[in-house]
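Q: Curious how this folds, go ahead:
(2 chains)
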There are 2 protein chains.
Amino acid sequence: MKVLILGGAGMVGRNLALRLVADGALGGQPVEELTLFDVVPADVQGSGRTRVVAKTGDISDRATVDALVAERPEVIFHLAAVVSGEAEADFDKGYRINLDGTRHLFEAIRALGDYHPRVVYTSSIAVFGAPFPEAIGDEFLTAPMTSYGTQKMIGELLLNDYSRRGIFDGVGIRLPTIVVRPGKPNKAASGFFSGIIREPLAGMDALLPVDDDVMHWVASPASATGFLLHAATMDTAPLGARRCLTMPGLAITVGEMVAALGEVAGPEAVARIRREPDQTIRGIVAGWPRNFDAARAAEFGFTADASFQDIIRAHIRDTAAAG
Amino acid sequence: MKVLILGGAGMVGRNLALRLVADGALGGQPVEELTLFDVVPADVQGSGRTRVVAKTGDISDRATVDALVAERPEVIFHLAAVVSGEAEADFDKGYRINLDGTRHLFEAIRALGDYHPRVVYTSSIAVFGAPFPEAIGDEFLTAPMTSYGTQKMIGELLLNDYSRRGIFDGVGIRLPTIVVRPGKPNKAASGFFSGIIREPLAGMDALLPVDDDVMHWVASPASATGFLLHAATMDTAPLGARRCLTMPGLAITVGEMVAALGEVAGPEAVARIRREPDQTIRGIVAGWPRNFDAARAAEFGFTADASFQDIIRAHIRDTAAAG
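A: From the prediction side, this is the model:
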């Protein structure tokens, strides 16, 4: 089979690609060709079983999307997006990529008429907006408070409608914040959730800009890959008209994260965390969802990390494996 | 002030126009110019105080929308839409008018940069999809089950985001089913809710295709006009980020409607109703919302009809006044 990943050079897309190459298969079927599309070339090597093709371009160009879809991949992972901060800073770019780009994909599929792939779409918990209940359930209003959340939610609505009409077979998954992100610190407001684990484990200091009682909804990079693979292979019939699901995760406070770090890596790791309150980040984080009741995802077989200690240990293993 | 009604020739738009001309004012300010835009010319006469301009065209043409917006009306009512049945039958037309047309309006406003009108957008209870709770509250998930509902919900999301960014000052109102619609029977699946009142009062037979225990959410044409006027003049600050509201209405069963008709117009009117079950219409109606808890709309000053008897009496008065 052929598989296409839009956004194949990003952290989530690259992890998924590495896993598909390692497995050489998806849902029991061999993956002969894996196309990784992004604005920059993805650096993933193929194997004897799976040929990897890296392509670059912009999904806001309809002809580019048409050419990708013309290959008729059986499964399309649509992870390509302008992230939250950029979509807020650049109104036009956010709508062009996140809304028009998504419509281009869906319309390119429709235009072929006799082609009905599985489409896995990554949405976000940014589709929800305050005020929140104690835990956000599957029937809670989606009221985004950013342009990014708005664009992701429009994608969800389109995915539901195109799937209902049989144009393709869509599954939307709302990812928790991914922790521990590998690599260097980035400027995302959520970056410290990874930083307070990653930096101390690497013998570096980390800044903690919020209070210990801040609660957040997180999952590991490996869980994100697992969600995507399950969404690509699950039976979609029981989903009915509601094809977008909040993924399971851990609702955990910053204080609990720090305690877990101490348990796994000792007090010297914890001592690397410097509490430096930042009113801007505090304000942003205060508007984020804290906790979910992801019952539907659990019902349909999505599973997440058992504990934050497990997430830390997996990061340590992955870092060691990456050299 | 200048006022623009997109969809000014439809039942709701025309009633609104008649009321604005009769009042000669909106929110205490004189309306000097009222532009009625639709695919067909609106037949509303102006007065000494209010000049009425009827224009025709298609909102899926961006230049047409730009020209309307260039007049810088202080208030824009956006009621233009391809209705539910047509949007379901003609995929392209529904998305072109209901989604692209709405974006054209919002983008035409943004393009002017220094122009920030009040925009009143009519959405629909079709943004909700089964399974429903006993009464749909203001925090219940919007999960449309038609392309029309999908397009209306996307409009709501865009309205919220453009308003949050200060591009315009939007209010979205989800209208109940309007009963009693004047005029001839139409082919809408909801048509019988008006027909079983309107036809008997006119001495004609009416078909009732569903059971007496079917419950529905209704408001009168005069209430719809009242909702629009209130949305155009209310203080929007307390709405926060959630600018779209389910309008108040009456949750009433078909049996209660028939009993109210008997109370107002006597048993000879009721005898004009012929029960003729229609499995197709039964099926469609079974998927519709039955009842709402429209608490936010009430909190922000929207009011609906006190009783179904009042709705019937208002229809009798309006019919007599129209000759």
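Q: any residue of the one helix or strand in chain A whose mean pLDDT sits lowest up close to chain B?
A: Confidence across the helices and strands of chain A bottoms out at helix A:279-286, with a mean of 87, counting by mean pLDDT, DSSP states H and E. No. Using C-beta under 8 Å from any C-beta of the partner chain, helix A:279-286 stays clear of chain B, coming no nearer than 14.2 Å. The way it works is simple: take the backbone N, C-alpha and C, and place the C-beta from them, glycine included.
Q: hmm, who's touching that helix?
A: Applying C-beta atoms under 8 Å, 6 or more residues apart in numbering or on different chains, the external contacts of helix A:279-286 come out as A:Ala189, A:Ser190, A:Phe192, A:Pro209, A:Val210, A:Asp211, A:Val214, A:His216.
Q: which among the residues you listed end up buried?
A: A:Ala189, A:Ser190, A:Phe192, A:Pro209, A:Val210, A:Val214, A:His216 (16 or more other C-beta atoms under 10 Å in any protein chain shown).
Q: Not counting sequence-adjacent ones, nearest residue to A:Gly57?
A: Closest residue to A:Gly57 apart from its sequence neighbours, by C-beta to C-beta, 6 or more residues apart in numbering or on different chains: A:Thr64 at 4.3 Å.
Q: Three-state assignment for that neighbour, please.
A: In three-state terms, and counting by DSSP: H, G, I helix; E, B strand; the rest coil, A:Thr64 is helix.
Q: ok, it - how many residues close by?
A: Per other C-beta atoms under 10 Å in any protein chain shown, the neighbour tally for A:Thr64 reads 18.
Q: wait, doesn't it sit right on A:Asp58?
A: Yes. Between A:Thr64 and A:Asp58 a contact is recorded at 6.3 Å, counting by C-beta atoms under 8 Å.
Q: Which stretches in chain A count as helices?
A: Here chain A has its helices, by DSSP state H, at A:11-23, A:62-69, A:84-89, A:91-94, A:102-112, A:147-164, A:191-201, A:221-233, A:254-265, A:267-270, A:279-286, A:295-299, A:308-321.
Q: Compute the inter-axis angle for the fifth one and helix A:147-164.
A: It stands for helix A:102-112. Helix A:102-112 and helix A:147-164 are oriented at 20 degrees to each other (axes from the mean of the first three to the mean of the last three C-alpha atoms, to 10 degrees).
Q: And helix A:102-112, what's buried?
A: Residues of helix A:102-112 classed as buried by neighbour count (16+ other C-beta under 10 Å): A:Thr102, A:Arg103, A:His104, A:Leu105, A:Phe106, A:Glu107, A:Ala108, A:Ile109, A:Arg110.
Q: and it, how far from the chain's centre?
A: 22 Å (C-alpha atoms, centre = their mean, to the nearest Å).
Q: ok, now the second one?
A: Its chain's C-alpha centre lies 23 Å from the corresponding centre of helix A:62-69 when counted by C-alpha atoms, centre = their mean.
Q: Give the rounded mean pLDDT of it.
A: On average, the pLDDT along helix A:62-69 is 98.
Q: which other helices and strands contact it?
A: Under the contact criterion of 3 or more C-beta pairs under 8 Å, 6 or more residues apart in numbering or on different chains; DSSP states H and E, helix A:62-69 touches strand A:2-6, helix A:102-112.
Q: residues making contact with the first one?
A: Spelled out, that is strand A:2-6. Contacting residues not belonging to strand A:2-6 are listed as A:13, A:16-17, A:20, A:26, A:31-38, A:59, A:68-69, A:71-80, A:105 [C-beta under 8 Å, 6+ apart].
Q: Just the CA coordinates for it, please, in PDB.
A: Below are the C-alpha coordinates for strand A:2-6, written out as PDB (Å, rounded to 0.1, in the frame of the first residue of the first chain):
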ATOM      1  CA  LYS A   2       0.900   3.700  -0.400                       C
ATOM      2  CA  VAL A   3       0.800   6.000   2.600                       C
ATOM      3  CA  LEU A   4       1.100   9.800   2.500                       C
ATOM      4  CA  ILE A   5       2.000  12.000   5.400                       C
ATOM      5  CA  LEU A   6       1.400  15.700   5.100                       C
END
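Q: And it, how far out from the chain middle?
A: Worked out by C-alpha atoms, centre = their mean, strand A:2-6 lies 16 Å from the chain centre.
Q: in its sheet, what does it sit against?
A: Strand A:2-6 has its sheet partners listed here by DSSP bridges as strand A:33-38 (parallel), strand A:75-78 (parallel).
Q: For the longest one, buried residues please.
A: By neighbour count, and taking 16+ other C-beta under 10 Å as the criterion, the buried residues in strand A:33-38 are A:Leu34, A:Thr35, A:Leu36, A:Phe37, A:Asp38.
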